[in-house]
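*Asks:* Here's a sequence, model it:
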Amino acid sequence: MSTRRGVPSRDGPAGPDMDQVIFRSDTVLSEIHLLLPNTRHLMTRLNDVGQPVFVSRYKILKDFEESKPGDSAASATNADEKEEEAVGRGGGGEEEERESREECRSECGVSVDEDGDLDVVRRPRDSAPLERGVEGRDMICPIILTQGDGAPSEGEEDPGEEEECCGDVIRIEHTMATPLEDVGKQVWRGAFLLADFILSQPMLFRGATVLELGAGTGITSVVAATLAKTVYCTDVGQDLLSMCERNVTLNRHLLDSAGGQVKVRSLDWLGDDFSTETGAEFSWTEEEVADLHDNTTLLIGADVCYDEELTNGMFRTLYRITSNLRHPSAVYISIEKRLNFTLRHMDISCEAYDHFRRCLDDLRDMDDGKTKFTVEPVPAQFPQRFHYERIEQLELWKITASPL
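*Replies:* Model (predicted):
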């Protein structure tokens, strides 16, 4: 997910004092961090604008342990289906029904009560009184703003990293609750959907030159580089690009074994395409710009269309780049359709998604005499290789750019 130019989300002077961290009321939190709590979500430092920075590990699932869409719900549904099937085979007697339920429980690995309903284990309450003398309340132990014991500071290695940083673990530095203009510093479901697709298409990405637009934390670029020859990981903003660079370093164990490389570069959709300012960090060299135009065949973007101005800028940039590539190219964009009730429409809608679809239609209908664009959805029928909820509002779109 790309970001706008960030503004500080912390009041007061910058510094490492966690007691001074103040989140604004208009912050947003990715469902990846909200719904999948992780004991490795431990704060390691404050970034240049005073936001807490965390390092999390995301395991790439093997074929035999793939996480299916809606794992929890699917397990419960399968339990019900197996139970009904078993009862149907048993002839309807109470004894056979009980045996069928027992069989269902053992086969499905879920706990159901005597009526066949999902048996939810309640969280135990702490009977000890709290420090303030208030009894009967749950003990709340937040870790989101806690410097965890043993959490590595900048430049230090995490204990146990040697055994955990193997070929199926990606380490990503990220923030959590941020204002809208800094959401690119979080990890989003769209990045995992696109990463799933990349891993499901090794022949398509192997040895390719790939350009990622609005890379955010860079997690999708890292995944792509396990197959591709070169990945240009682009976004805008010094702090965000520094985070991308750090994430590339954190996952060197994956890239070195695969032979791919990630080049973190600045690409401002609302400004110049490629900044070649000499000596500027994250600027392009003339050789890199030439390599991009001569060899790029794949462009990717994960959850980058959540704001109309940015979406317009992204499609303009997409058009300019694909129109100047030497080879035909394919663009894969993941997007999450976030539905909200709005007073403007007095109905549930998603204006950002609707605008994205209009931009797709405009690109498809464009007749400039140079490039023909075709647009099609990609069914999300490929395996799920990361732990996240693959909801039906997650979509993947393919744009094919063919020179006339």
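*Asks:* I figured residue 184 was touching residue 240, is that so?
*Replies:* Yes: between residue 184 and residue 240 there is a contact under CB atoms under 8 Å: 5.6 Å. Where C-beta positions appear, they are placed from N, C-alpha and C, glycine not excepted.
*Asks:* In contact with residue 294, which residues are there?
*Replies:* Shown in contact with residue 294 (CB atoms under 8 Å, 6 or more residues apart in numbering): residue 326.
*Asks:* for residue 368, same thing?
*Replies:* Residues near residue 368 by CB under 8 Å, 6+ apart: residue 323.
*Asks:* Surely it is within a helix?
*Replies:* No: Residue 368 is assigned coil when assessed by DSSP: H, G, I helix; E, B strand; the rest coil, not a helix.
*Asks:* before we move on, what SS does the residue nearest to residue 360 when sequence neighbours are not counted have?
*Replies:* Once flanking residues are discounted, residue 360 sits nearest to residue 375: 5.0 Å by CB to CB, 6 or more residues apart in numbering. Under three-state DSSP, the three-state class of residue 375 is strand.
*Asks:* pretty sure residue 375 contacts residue 366?
*Replies:* No: taking contacts as CB under 8 Å, residue 375 lies outside contact range of residue 366: 10.7 Å.
*Asks:* what sits against the closest residue to residue 217 other than its chain neighbours?
*Replies:* Of all residues not flanking residue 217 in the chain, residue 174 sits nearest, at 5.0 Å (CB to CB, 6+ apart). Contact analysis of residue 174 by CB under 8 Å, 6+ apart lists 53-56, 185-187, 217, 243.
*Asks:* These in strands, which ones?
*Replies:* Among those, the ones falling in strands (DSSP state E) are 53-56.
*Asks:* What is the neighbour count of residue 299?
*Replies:* Residue neighbour count, defined by other CB atoms under 10 Å, stands at 22 for residue 299.
*Asks:* ditto for the one 10 residues further on
*Replies:* Other residues near residue 309 number 11, with proximity taken as other CB under 10 Å.
*Asks:* Wasn't it part of a strand?
*Replies:* No: using three-state DSSP, the secondary structure at residue 309 is helix, not a strand.
*Asks:* Tell me the confidence at it?
*Replies:* Turning to residue 309, the model gives it a pLDDT of 94.
*Asks:* Mind jotting down where the helices sit in the protein?
*Replies:* 31-35, 71-90, 94-108, 161-164, 189-200, 202-205, 219-225, 238-250, 252-258, 286-295, 308-323, 351-365 (DSSP state H).
*Asks:* Among the ones you listed, which one carries the weakest average confidence?
*Replies:* Here those differ in mean pLDDT, and the lowest is helix 71-90 at a mean of 41.
*Asks:* and residue 207, how many residues sit next to it?
*Replies:* Using other CB under 10 Å, residue 207 is surrounded by 11 other residues.
*Asks:* Distance-wise, check the residue nearest to it when sequence neighbours are not counted relative to residue 297.
*Replies:* Distances taken as CB to CB, 6+ apart put residue 229 closest to residue 207, at 5.1 Å, once the chain neighbours are dropped. Look at residue 229 and residue 297: by CB to CB, to the nearest Å, they are 11 Å apart.
*Asks:* shared neighbours, the two?
*Replies:* Common neighbours of residue 229 and residue 297, using CB under 8 Å, 6+ apart, are 208-209.
*Asks:* the longest strand in the chain is where?
*Replies:* Ranked by number of residues, the top strand in the chain under DSSP E is strand 394-403.
*Asks:* Mind listing residues that contact that one?
*Replies:* For strand 394-403, contacts defined as CB under 8 Å, 6+ apart pick out 189-190, 193-194, 197, 318, 322-323, 325, 328-337, 360, 363, 370-378, 380.
*Asks:* please redo it, this time with the cut-off set to 7 Å
*Replies:* Contact with strand 394-403 is made by 189-190, 193-194, 197, 322, 328-337, 360, 363, 370-378, 380, as judged by CB atoms under 7 Å, 6 or more residues apart in numbering.
*Asks:* Which of the residues you listed are buried, as a ChimeraX select command?
*Replies:* A single ChimeraX command is used to select the members of the contacts of strand 394-403 judged buried by 16 or more other CB atoms under 10 Å:
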select :189,190,193,194,197,322,329,330,331,332,333,334,335,336,360,363,371,373,375,380
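*Asks:* what residues are up against residue 332?
*Replies:* Taking CB under 7 Å, 6+ apart, one finds 194, 197, 300, 396, 398 in contact with residue 332.
*Asks:* Could you check how far it is from residue 322?
*Replies:* Taken as CB to CB, the span from residue 332 to residue 322 is 13 Å.
*Asks:* you'd agree residue 300 is up against residue 194?
*Replies:* Yes: using CB atoms under 7 Å, residue 300 makes contact with residue 194 at a distance of 6.0 Å.
*Asks:* Model confidence for residue 342, exactly?
*Replies:* You'll see residue 342 listed with a pLDDT of 70.
*Asks:* Contacts only, for it.
*Replies:* Per CB under 7 Å, 6+ apart, neighbours of residue 342: residue 349.
*Asks:* Who does it form a beta bridge with?
*Replies:* Beta-bridge partners for residue 342, by DSSP bridges, are residue 347.
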